[in-house]
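# Sequence and predicted structure are below.
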Amino acid sequence: MNTEKRDLRRMLKLGNLNLDVPFFQAPLSGYSDRAMRVLACKYGAPLTYTGVMLDKIALYRKAFDSLYVRPGEDEGPVGAQILGSDPETMAVAAESFANIGFDLIDLNFACPAPKVLRRFSGGYLLKEPEKAIKILQYVRKSVSCPVTIKLRTGFDNSQESLDKFWQICKGAVAEGVDAIIIHGRHVKKLYRDVSNWEIISEVKREFPQATIIGSGDLMDAETVVERLKTSGLDGVIIARGAIGNPWIFRETRALYGGRPKPEGPGLTEQGEVYLRHYELIAEMLPMKKSVRYFRKFAVGYSKHHPERKRVQADLIAAKTREELYAAVKEWYGVG
């Protein structure tokens, strides 16, 4: 691990976007919808991303009229992460997302989900460096906004896989990619063990002129700031640590700026944010579906409550808006 301390008082430049801090919310499949993005922005994320979106959605124009897809005016800069395997379709998708207001395009060459790998997309493209670079070339020609790529450190732990990872990094830098975002596990590892930050730092040392951003196991503000200090990278993205925890951006901003970490949210603030998150989802989905969809966020939010397990059980058990509000009223005193 590179232990050289870096000056934290720096910005992060992604093409024509200038972020006042070098950390932001990661694309999170199934989570980072408009509701999560609005709250992350409110609590200090300078940039947020959509969850991964299939390139073929660009072929269905009705989807672009949905709040579920289109970025809102109450969000800060928002990146669209797209996934696919055909360079031409990816280019059409990128152009379509840029045209409806997204500020940045991220190409997903990292997703380890089996259904994605079966479509020869996401992390599968780490096995096909030439195609990955061709997709990047086509997309960069189709949009004027910044373009980033998301990688893992290979498809598996073989030397061949590692060589192909380096081939993609070299090709992307040569093409002028605005940033390479790297999660420190290979595809086959999923989320087991710990993220390998040393190999991400090695990429930065190999390509010092490029913007290299790290990802993996950033579950609290202290860890975020420590990685910024010691990794030698240009920035980091906060992924699972932000689920049900928008306060991580407020806390990280404080520590990053040399200030004490603020106290965690009290029960009233927790309850108010929880309900605000739900209501933002309810604007996008029918009531029954919105309550069911929102359950996955209960795990993250309930971690802040002293009666975490009981709170989580009651929140997950809610089947209607009224039951959800009653549970929040009981445990948080609001609603």
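Ah, there it is.

# which helices and strands sit right next to the helix or strand of the chain with the lowest mean pLDDT?
When each helix and strand of the chain is scored by mean pLDDT, DSSP states H and E, strand 53-54 comes last, with a mean of 87. Counting contacts by 3 or more C-beta pairs under 8 Å, 6 or more residues apart in numbering; DSSP states H and E, strand 53-54 is packed against strand 78-83. C-beta coordinates here come from the backbone N, C-alpha and C atoms, glycine included.

# for the strand it packs on, packing partners?
Secondary-structure packing of strand 78-83 (3+ C-beta pairs under 8 Å, 6+ apart): strand 48-49, strand 53-54, helix 87-99, strand 104-109.

# what separates residue 179 from residue 113, distance-wise?
Counting by C-beta to C-beta, to the nearest Å, the gap between residue 179 and residue 113 amounts to 23 Å.

# of the two, who's got more company?
Just comparing residue 179 and residue 113: by other C-beta atoms under 10 Å the higher neighbour count belongs to residue 179, 25 against 16.

# quick revisit: between the helices and strands packed on strand 78-83, which gets nearest to residue 139?
When these are compared by C-beta to C-beta, helix 87-99 sits nearest residue 139, at 4.5 Å.

# Where do the strands of this structure begin and end?
Using DSSP state E, the strands of the chain run over 12-14, 17-19, 23-25, 48-49, 53-54, 78-83, 104-109, 147-152, 179-183, 212-215, 235-238.

# got the buried residues for stretch 306-321?
Buried residues in stretch 306-321, counted by 16 or more other C-beta atoms under 10 Å: 311-312, 314-315, 318, 321.

# How many residues are close by the closest residue to residue 177 other than its chain neighbours?
Using C-beta to C-beta, 6 or more residues apart in numbering and skipping the chain neighbours, the partner closest in space to residue 177 is residue 149 (5.8 Å). Residue 149 sits with 26 neighbouring residues when counted by other C-beta under 10 Å.

# what about residue 149, distance to residue 21?
In this view, residue 149 and residue 21 are 22 Å apart by C-beta to C-beta.

# just residue 326 next, same as before
Using C-beta to C-beta, residue 326 is found at 38 Å from residue 21.

# Next: residue 219.
Here the criterion is C-beta to C-beta. By it, residue 219 lies 18 Å from residue 21.

# higher neighbour count, these two?
Looking at residue 219 and residue 21 with other C-beta under 10 Å, you find the greater number of neighbours at residue 21, namely 21 against 15.

# list the contacts for the closest residue to residue 35 other than its chain neighbours?
Closest residue to residue 35 apart from its sequence neighbours, by C-beta to C-beta, 6+ apart: residue 280 at 3.5 Å. Residue 280 is in contact with 34-35, 38-39, counting by C-beta atoms under 8 Å, 6 or more residues apart in numbering.

# so which of those residues is the most crowded?
Ranked by neighbour count (other C-beta under 10 Å), the contacts of residue 280 have residue 35 at the top, with 26 neighbours.

# residues contacting the nearest residue to residue 215 once chain neighbours are set aside?
Once flanking residues are discounted, residue 215 sits nearest to residue 183: 4.3 Å by C-beta to C-beta, 6+ apart. With contact set as C-beta under 8 Å, 6+ apart, residue 183 has these partners: 110, 150-153, 195, 215-216.

# circling back: can I get the strands of the chain in JSON lines with distance to residue 265?
JSON lines is the format used below for the strands of the chain (distance: least, C-beta to C-beta, whole Å):
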{"stretch": "strand 12-14", "distance to residue 265": "26"}
{"stretch": "strand 17-19", "distance to residue 265": "24"}
{"stretch": "strand 23-25", "distance to residue 265": "18"}
{"stretch": "strand 48-49", "distance to residue 265": "19"}
{"stretch": "strand 53-54", "distance to residue 265": "31"}
{"stretch": "strand 78-83", "distance to residue 265": "24"}
{"stretch": "strand 104-109", "distance to residue 265": "29"}
{"stretch": "strand 147-152", "distance to residue 265": "30"}
{"stretch": "strand 179-183", "distance to residue 265": "28"}
{"stretch": "strand 212-215", "distance to residue 265": "25"}
{"stretch": "strand 235-238", "distance to residue 265": "17"}
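
# Domain map for this protein?
For the chain, whose domains are defined here by automatic domain parsing, the residue ranges read 12-256, 267-332.

# what about residue 134, distance to residue 141?
Per C-beta to C-beta, residue 134 is found 11 Å from residue 141.
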